[in-house]
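>>> Structure of the sequence below:
(3 chains)
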Amino acid sequence: MKVRNLPILATLALFIIMFGAGSIAFTGFFSVQNFLNLFIDNAYLLILAVGMTFVIISGGIDLSVGSMLALSTMVSSSLLEKSHLSPVLVIPIVLAMGTALGLFMGYIIQTFNLPPFIITLAGLYLARGLCYVVSIDTIAINNEFWKGVAHSTINLIGNNSVSPSVIIAVAVVLAGLFMARYTKFGRTVYAIGGNEQSAILMGLPVGSTKIAIYALSGFCSALAGIVFTFYTLSGYALNGKGMELDAIATVVIGGTLLTGGAGNLLGTVLGVLVYGIIQVLIMFQGTLNSWWTRIVIGFLVFLFCLLQRIFESGKNAALAKGRAGQAPKAQAAS
Amino acid sequence: MAGEEAWGMSESTPILEMRKISKHFPGVKALSDVDFRLFPGEVHAIMGQNGAGKSTLVKVLTGVYKQNSGEMLLEGRPIRPDSPLAAQKLGISTVYQEINLCPNLSVAENIFVGRQPMKLGRIDWGQLNRRAEEALKRLNVSVDVTQMLSSYSIAIQQMVAIVRVLDVSSRILILDEPTSSLDENEVEQLFKVIRKLRDDGLAILFITHFLDQTYRISDRITILKNGEFVGEYRTENLPKLELIAKMLGKELSEFSFAMGGAERKQESAQAGSDAKGLLSVKDLGLRGSIAPFSLSLDEGDVLGLAGLLGSGRTEMARLIFGIDGANQGEIQVKGKKASIKSPRSAMLAGMGFCSEDRKNEGIFSELTVRENVILALQGRKGTFRYIPKKKQLEIADELIKSLAIKTPGANNEAGQLSGGNQQKLMLARWLATNPIILILDEPTRGIDVGAKLEIMELILNLSRQGMGVIFISSEFEEVVRCSTRIAVLKDKAKIAELSGEQMSESNIMHTIAGGR
Amino acid sequence: MLAWKRLSRSKIIWPLITLGILMLFNLFFTPHFFRIEMLEGHLFGNLIDILKNGAPIMILAIGLTLVIATHGIDISVGSVVAISAGVVAMLIGGDLAGHPKYPLAFAMGAALVACTAAGMWNGMLVSWIGMQPIIATLILFVAGRGIAMVTTNAMVIWLYVKPFALLGQGYLFGLPFSLYIVAFLLLVTYLATRRTALGMFIEAVGINPTATRFAGINAKSILFWCYAFSGFCAGVSGLVVCSTVMSADGNNAGNLAELDAILAVVLGGTSLSGGRFFLLGSMVGALIIQTLTTTIYAFNVAPEIAQVVKALVVYGVSLLQSESFRARVAGVFGRREVAA
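I've put the predicted structure just below:
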């Protein structure tokens, strides 16, 4: 049990160290609001990462989430401002669009046995291109409801507050936790990631589950896009460039194995917090290029992947040694 | 005859009957009119060599294949399962050699995944864990069911697999090579479980190639050979030697002294002690693979490795050629200590190796015949001393001719060649490097009789030219025919060495059976 | 007759036909597509544009062809292009008078060394540590852009050193200079892979890595150098890109170039599962992609829309390469294929 939770503890330790280091180095760093800001600024990433966690646990990958986020910002802002639809219609339409695109990709990946990274990489192109089809320029959102949500705050203890986006993100995380632990769907995702062949032989609905996973990722991308527009109040085709990598990085840092079969949404939350705090640290530092975030994230991903690999081969070696404790004895006479 | 006695003497009715089952594939008759029956409360073993039809029979039973003719009766009613899931629904459960479970899920979850108990719309973990514990207790197994499956040994994982399939349905349990990865203690653990299930009335079909285990655990044995039914016997009535003889298709009286080996022995005796030592292996071993062994090979020697399927012959070859790294012992080539850590170092020391798995370890089907032939030679020369295409063709053509490889041309894809010719192609590859030691693992398997003879003739020729050959074959007759000395293997260990007049099929079989 | 038979069996015929179809389309529907004029001492026209603009992708595709032949993939090439541009731009400097901070040769050399090192990093992860190629190269995909941005201090660096422009904008004997770079790299790679045993070894590793090892060949070393070479090619491509726009934009340089390059290799006949590779085919594949882009341009469609078309082409090619898809289509048309 302990060994299995090692990666999450590592991430937690990492976060605590970073938060602590920041508090010591910079005045004004150590505050509850600063901690809550991590959630406010990265609510969209958290939602993306929840969908990505399920995909990666099943052994797949989805490189289209960043562009899908951009597409949903474009479509929402366009529907609101150009078509003058009410938010009551816009939100379901955008969510349905994201789910449908994810469903399409999942379908051809599963049915025709195509490599997920190529199909979702092409999906990245497709979604980004469709953004430009909607509009080349930025579309500012002036809808009253939207602006209301964007500017409202929810007060917590003391003078601290969070945005409604955080509530949405937390709700998504909780829903994800429930699905992962308490639904047959969630357990099938883990089974597929552990050994897809076995899962098929055990009679699990592998095909439909795999398609549903990509649809779920599409849904999360669309929802994350809507949350992002609450943050920026605009639709911009260049949104979300590279975001899929951020999402993958936070999932990996959170302890989920890229090879599939192991992962935990709590770890993903910690991963997002680590990502957020690196950016805050760099900002507080003032002189470093904010692109150092990319490098640090890349390095952390490498470190965690390396640790995972060492861990895996060490485990295999230990098992082999333990099992072969006695080589079969020569049986000269029976 | 002994076989037919068992038919008339059954005390109970069989729960399963397979009658006159035939199954063929293009060009291959896998099963011809095979009969098989299973009784409740019994462990029934199917025995046979490669190509006997064991796995095909099981695949027909479990719905992977549909038989071409014949019928199956379960409790008297005809059945025709069309998929493993359908077979499972009928009560026929299988646990395979590769544990078909998910290593990342807990023990309890592996037992119940897909049928987890629910409460108020969510999985009831408490009940799931409790029921898993109870199910395992019924087999006298006590483990923490909340731990990940992969943290347990293969033996425990197998028990979990057994519990899962039995929990889903339980009339017939098929165990396919369950002991291949287990050590002695674990085998005994498994056997305790099997005996308990049998005593509870379950019908168990046990497939194994381990001779001694068959005698320890089974009540009944069915023998298949070349897709045909040889006989069904009660284990207590079938002596080991007779079992081996029937598996190989010989009657005890049929053995003759082989010609080839004796001739070679005379020739090598004439050569006298001029023959130099090529290879000397002392106490080479690898945990979990094969018990430490020693052997030696002189110029002109053909050392045959004889043993039943699973006796450890390929493991031995892999250790000598550096594919697996030994964790004890040493290898000497031409009297000097050699560090054989990889196939490359083995090749540079003058060895060559033809794997028994042509498809996955030998042939590059999309490369041409020419490329397949010169690949090892080119590897030896390195990247930069490229053999010009003309010379490649020369070498390839020469070997194609001398080995009589049937191919439209050296520039055709190797994947188009027949099995026998692919085998010769692998041989050609190593001959091109002029090795001093050649290891051949089942070079005559799955090829026609004509090609078999050609290859055996070739081996004898190579040994005359001074090459040292290690020759592995499941056909004892071939081993006796080609070898100057024979090492006998059994259950992953070398148990004896035969030479001179001792080399005969009957001696090999006696040695394996455990002494006269 | 025999020559036609041999030609029709060679893998390169299909990419050439595709390119031919595109050209035919332009012949009928695009005015002045094939017009070539001599202006300012060099050739000028849509066809020349295709060659010139396609050069960076062609260079990437050369290295990527070898990586894919080993049954691997390198998605970091776009980020490495950015690193190359960043390094060379920083070392040359943005001096308005056109005086380079360091000699041009040194700056370019340093960029190439950095990118080859990046490739070696990938190679080490794949061959020694044994990571899956997609995951191993993903790391540089993420971090690479950060490294590029840090190198340029997140600024777009504009270059005024005229001689450097030769690479991407210059002409030699009327043809774009970058074309000569492509030709040279192609020639060197061709000689290295087909005049030594390297090509055969690479194909062997891609087809059957176990058998390769059993045949006494050092498969790990081959994998390592293929990825190192891919990094080197990304470096060369980055130099050309930087020279073309006389600037280094760490954020946008090489953006999404990896997909273009992978697509070029696949269109050119090399299979994603490794084995036989076709350098010339990859060049034709890159030309197909560039022609597609140029055609879309000629119709005054926004270049970003080209991405949608490219994505759809990827889906089409993937489906065609999928056996189960082909079987289904054959089934629909009544031809039942016997399952092995």
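
>>> Report how many residues lie close to the residue in chain B positioned nearest to chain A.
Taking CB to the nearest CB as the measure, the point where chain B comes nearest chain A is B:Gly288, at 3.0 Å. Using the backbone N, CA and C atoms, a C-beta is placed for each residue, glycine as well. Applying other CB atoms under 10 Å in any protein chain shown, we find 18 residues neighbouring B:Gly288.

>>> State whether it is indeed within a helix.
No - B:Gly288 is assigned coil when assessed by DSSP: H, G, I helix; E, B strand; the rest coil, not a helix.

>>> Can you report phi and psi for it?
phi 90, psi -10 (degrees, to the nearest 10).

>>> confidence score at residue 319?
By default, I'm working from chain A. Note for A:Leu319: predicted pLDDT of 57.

>>> could you do chain C instead?
Looking at C:Leu319, the pLDDT reads 79.

>>> Count residues in the vicinity of it, would you?
For C:Leu319, the neighbour count with other CB under 10 Å is 17.

>>> One more: A:Gln197?
12.

>>> Now stretch C:19-35 - C-alpha only, PDB.
Provided in PDB are the C-alpha atoms of stretch C:19-35 (Å, rounded to 0.1, in the frame of the first residue of the first chain):
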ATOM      1  CA  LEU C  19       1.500  14.900 -56.500                       C
ATOM      2  CA  GLY C  20       0.600  14.600 -60.100                       C
ATOM      3  CA  ILE C  21      -3.100  14.800 -59.300                       C
ATOM      4  CA  LEU C  22      -2.500  17.900 -57.300                       C
ATOM      5  CA  MET C  23      -0.600  19.500 -60.200                       C
ATOM      6  CA  LEU C  24      -3.300  18.500 -62.600                       C
ATOM      7  CA  PHE C  25      -5.900  20.200 -60.400                       C
ATOM      8  CA  ASN C  26      -3.900  23.300 -60.400                       C
ATOM      9  CA  LEU C  27      -3.400  23.100 -64.100                       C
ATOM     10  CA  PHE C  28      -7.100  23.400 -64.700                       C
ATOM     11  CA  PHE C  29      -8.200  25.500 -61.800                       C
ATOM     12  CA  THR C  30      -5.400  27.900 -60.800                       C
ATOM     13  CA  PRO C  31      -4.500  30.600 -63.100                       C
ATOM     14  CA  HIS C  32      -0.800  31.100 -63.800                       C
ATOM     15  CA  PHE C  33       0.100  28.200 -61.500                       C
ATOM     16  CA  PHE C  34       2.800  26.900 -63.700                       C
ATOM     17  CA  ARG C  35       4.200  30.200 -64.800                       C
END
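
>>> average pLDDT for stretch A:165-172?
Stretch A:165-172 comes out at a mean pLDDT of 93.

>>> How about the secondary structure of the one residue sitting closest to the centre of chain A?
Residue closest to the mean C-alpha point of chain A, counted by CA atoms, centre = their mean, is A:Ala49 at 1.0 Å. Of the three states, A:Ala49 takes helix under three-state DSSP.

>>> Chain B versus that one, what's the distance?
20 Å (CB to the nearest CB, to the nearest Å).

>>> again, but for A:Thr209
In terms of CB to the nearest CB, A:Thr209 sits 11 Å off from chain B.

>>> any idea how far B:Val165 is from that residue?
22 Å (CB to CB, to the nearest Å).

>>> quick one, which of those two is more surrounded?
Neighbour count, other CB under 10 Å: between A:Thr209 and B:Val165, A:Thr209 has more, with 22 against 19.

>>> I'd guessed that one sits against A:Ile192; true?
Yes - applying CB atoms under 8 Å, one finds A:Thr209 in contact with A:Ile192, separated by 6.4 Å.

>>> give me the low-pLDDT residue ranges for chain C?
Applying pLDDT under 70 to chain C flags residues C:1-11, C:321, C:333-340.

>>> For it, which helix extends over the most residues?
helix C:219-245 (DSSP state H).

>>> chain center to that one: distance?
10 Å (CA atoms, centre = their mean, to the nearest Å).

>>> That one and chain A in contact?
No - using CB under 8 Å from any CB of the partner chain, helix C:219-245 stays clear of chain A, coming no nearer than 15.2 Å.

>>> which helices and strands sit right next to that helix?
Counting contacts by 3 or more CB pairs under 8 Å, 6 or more residues apart in numbering or on different chains; DSSP states H and E, helix C:219-245 is packed against helix C:46-69, helix C:77-92, helix C:104-123, helix C:166-169, helix C:177-194, helix C:198-207, helix C:209-214.

>>> Select, out of those, the one closest to C:Phe224.
Proximity to C:Phe224 (CB to CB) singles out helix C:104-123 among those, at 3.8 Å.
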